[in-house]
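Chemist: I'll drop the sequence and a predicted model, then ask my questions.
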Amino acid sequence: MLHCAENSPRKERSMIQAENKNHSQDAIKAGAIGLRADSSVVTVKVYTRHKRSCPKREQQSWARCNCMKWLYVYRNGRDRFISAKTRSWEKAEQKAREMRDSFDPAKQLQRQLEAKLNARNGLVEIAVAVQQFLQEVERLNREEATYGKYQLTLSRLLTWCAAQQPAVILLYQLDVSTLRSWILSWRGAPTTRHNQHQRLRTFFRFCMDQGWASENPAKKIRNVTPHQEATLPFSRQQYDALIEATHYYDSRGKERNGNTKNSRRVRAYLELLRWSGLRAGDAACLPKSSLRDDDSLFVYQAKVRTKASAPVCVLLPHKVAEKLRSVPPAGCTDPNYFFWSGSSKRKSEVSNWQRIFAKVVSKAAEIYPRLFVDAIGRPKPAHLHMLRDTFAVEYLLAGMPLDEVSRLLGHSSVTITQRQKTATPHGQPEGGLGEHGS
């Protein structure tokens, strides 16, 4: 069954909200006398997300088991669930206290005044600088994935600084030589290290803008060259095979049945990726309002210098647009979206569709092994982003100018799109855009 990833189990939400019933009653009473209690009440509570095998699984406030601890946060009339990333109740409580303090305006003002005083003396703590930088990223409404990457990089920096002998605490201690020592300890692919270095540069640029640092040590250290992976579109035969495999998604054995709800949803999603050029996450969270009556699909709002921003649309084949309009909803699909529940994280949705696509690829390789297995028996590359590459290559083969394809894809530079120009899949005939796999 296709399922929608949820931000948190409904059972946990109901149990925690039941425990906070008194808060709700206070809010109702306050509302009756004209107070906006729903926006002023702030709750940060620790609870335990028990394993199924835990004998205390019905007691979310049980602290002494080895299950993961989570934080329930109610603020501005909305609630959310955040992993404390620890099995220790005490450590989770400490994180809860820190979060409560971060929501307290008086303590925020106190920290800002202390930071200004310390900045004059060059004594800003790295942890304080990191906290204020992350608050700025959040204020600018950056995507959750972007915020998470900055948080991960800077938490690694803080962990490394704390492990040094003596510990590196103040920002001025992170000079070029000290920072290079940490960078030399990095592991991972060149692209991963390159992106982490770029995030460091952004952090230190923020510190310079606040007057906390006189230079950007990360900028004085040369960055590694990222590894540019080759663009790999699907051939038309491979794409047709993938669409054919969706007809077996719910089948047991070799029966072909493409009319099941799951089969239709998978087929509509893959055809959307192929004919729109959207990224996997954008397609998974696509609102129904993006598809217009003339079968054009709103992709994004282009920013043009010295001009008003303009909508960028791509015209879908009529059959693809009709399949999208008639795609059956899953049990938790929001009526305003084609596939999304409206509440789960974008990252969770992408992971869900990646698992589904792996099942489709496996079935396609079973039916058409020569298309998905090389001469020595190794599986050929097959992932969701290749459908976006297929979109680009097909339009280039049809004669669309490179800059126009770049605009449809939303690339920041034509240089990025240039990689697709040389990527003609094996056996792909030159010519126009035929509608395959319908």
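Modeler: Yep, that arrived.
Chemist: any idea of the mean pLDDT for stretch 81-99?
Modeler: Average pLDDT, stretch 81-99: 90.
Chemist: Can you give the distance of it from its chain's centre?
Modeler: In terms of C-alpha atoms, centre = their mean, to the nearest Å, the centre of stretch 81-99 is found 23 Å from the chain centre.
Chemist: Would you mark the buried spots in it?
Modeler: By 16 or more other C-beta atoms under 10 Å, the buried positions in stretch 81-99 come out as 81, 84, 89, 92-93, 95-96, 99. C-betas here are computed from N, CA, C, even on glycine.
Chemist: what distance separates the start and the end of it?
Modeler: By C-alpha to C-alpha, to the nearest Å, the extent of stretch 81-99 from end to end equals 13 Å.
Chemist: what residues does the helix or strand Val361 falls within touch?
Modeler: For Val361, the host element (DSSP states H and E) is helix 346-367. Helix 346-367 has contacts (C-beta atoms under 8 Å, 6 or more residues apart in numbering) with 2-5, 7, 143-145, 238, 241-242, 244-246, 248-249, 266, 269-270, 280-281, 284-285, 339-340, 371-373, 379, 382-384.
Chemist: The same query, at a cut-off of 7 Å, please.
Modeler: With contact meaning C-beta atoms under 7 Å, 6 or more residues apart in numbering, helix 346-367 is reached by 2-3, 5, 144-145, 241-242, 244-246, 248-249, 266, 269, 280-281, 284-285, 340, 372-373, 379, 382, 384.
Chemist: filter those residues to the buried ones?
Modeler: Buried members of the contacts of helix 346-367, scored by 16+ other C-beta under 10 Å, are 2, 5, 241-242, 244-246, 248-249, 266, 269, 280-281, 284-285, 340, 372, 382, 384.
Chemist: where do the strands sit along the stretch 201-350 of the chain?
Modeler: For the stretch 201-350 of the chain, the strands defined by DSSP state E, counting those that start in this stretch cover 296-302, 310-315.
Chemist: Return the per-residue confidence for Leu409.
Modeler: Note for Leu409: predicted pLDDT of 81.
Chemist: mind listing what the nearest residue to it once chain neighbours are set aside touches?
Modeler: Leaving out its chain neighbours, the residue that sits closest to Leu409 by C-beta to C-beta, 6 or more residues apart in numbering is Gly277, at 5.4 Å. Each residue near Gly277 by C-beta under 7 Å, 6+ apart is listed here: 314, 388, 391-392, 408-409.
Chemist: Looking at these, state which has the most neighbours.
Modeler: Each of the contacts of Gly277 was scored by neighbours using other C-beta atoms under 10 Å; the highest score is Ala392's, at 25 neighbours.
Chemist: My understanding was that that residue contacts Gly410; is that so?
Modeler: No: applying C-beta atoms under 7 Å as the test, Ala392 and Gly410 come out as separate, 11.3 Å apart.
Chemist: In a helix, His197, correct?
Modeler: Yes: judged by DSSP: H, G, I helix; E, B strand; the rest coil, His197 forms part of a helix.
Chemist: Roughly how far does it sit from Lys363?
Modeler: Distance, His197 to Lys363, using C-beta to C-beta, to the nearest Å: 41 Å.
Chemist: what do you get for Arg64?
Modeler: For Arg64 relative to Lys363 (C-beta to C-beta), the value is 47 Å.
Chemist: Give the residue from the two that has the larger number of neighbours.
Modeler: More crowded of Arg64 and Lys363, by other C-beta under 10 Å: Lys363, with 19 against 7.
Chemist: can you tell me how far that one sits from Arg325?
Modeler: Counting by C-beta to C-beta, the gap from Lys363 to Arg325 is 26 Å.
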